[in-house]
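Asker: Provide a 3D model corresponding to the input given below.
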Amino acid sequence: MTKVYPRERLSEIIDKLKEEGKTIGFANGCFDLLHVGHIRYLKDAKSNCDILVVALNTDESVRRLKGEGRPRTPLNERLEIMEAIEFVDYLTFFGEDTVEETLRILKPHIQFKGTDYTVDTVPEKKVMEELGGRVMIVGDPKDHSTTEILERIKNEKG
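Answerer: As a prediction, this is how the structure comes out:
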């Protein structure tokens, strides 16, 4: 069974899960080179909801945000990797620079963000308030990143 759905189809699935009383959590990111910081973030998010939905930036979106040469892993492969993570229930993808439109379509109960944010600095905080949801900060301190890993590899090649 696939975990990957376009946002509009996933919205229908989420509506049914809400009718069953499930708490829907939402996380997003590029997840270009998956690392332990990603796993800790997602695992902590899942511990705070019944259903964890993860939205990945499309390749074009990652390139706009991170620059040329990114992503290192194309969207179809990033989705396949994320699909193998047992505590990720559903996946979708978005091409905008922010996740606001995706939140408006899916209407989760909780938006999870990593510890590089505070509840007050999350850009979509007002959108979540409009939707009747809330923001929660999860994961360990932000001391891992794909950018850092790529820099380390580049420097080791010398």
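Asker: for residue 103, phi and psi?
Answerer: The phi and psi torsions at residue 103 (degrees, to the nearest 10) take the values phi -60, psi -40.
Asker: pretty sure it sits against residue 127.
Answerer: Yes - using C-beta atoms under 8 Å, residue 103 is in contact with residue 127, at 5.3 Å. The C-beta positions use only the backbone N, C-alpha and C, and glycine is treated the same way.
Asker: the two - which one has more neighbours?
Answerer: residue 103 (22 against 19; other C-beta atoms under 10 Å).
Asker: residue contacts, that one?
Answerer: Residues counted as contacts of residue 103 (C-beta atoms under 8 Å, 6 or more residues apart in numbering) are 26, 111, 124, 127-128, 131, 133.
Asker: with secondary structure and distance to residue 50 as new columns, can the residues you listed be given to me in a markdown table?
Answerer: Below are those laid out as a markdown table (DSSP: H, G, I helix; E, B strand; the rest coil; distance: C-beta to C-beta, whole Å):
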| residue | secondary structure | distance to residue 50 |
| --- | --- | --- |
| 26 | strand | 12 |
| 111 | strand | 15 |
| 124 | coil | 21 |
| 127 | helix | 22 |
| 128 | helix | 18 |
| 131 | coil | 18 |
| 133 | coil | 14 |
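Asker: among those residues, who's most crowded?
Answerer: When neighbours are counted by other C-beta under 10 Å, residue 26 leads those with 29 neighbours.
Asker: not counting residues beside it along the chain, what's closest to that residue?
Answerer: residue 108 (3.7 Å; C-beta to C-beta, 6 or more residues apart in numbering).
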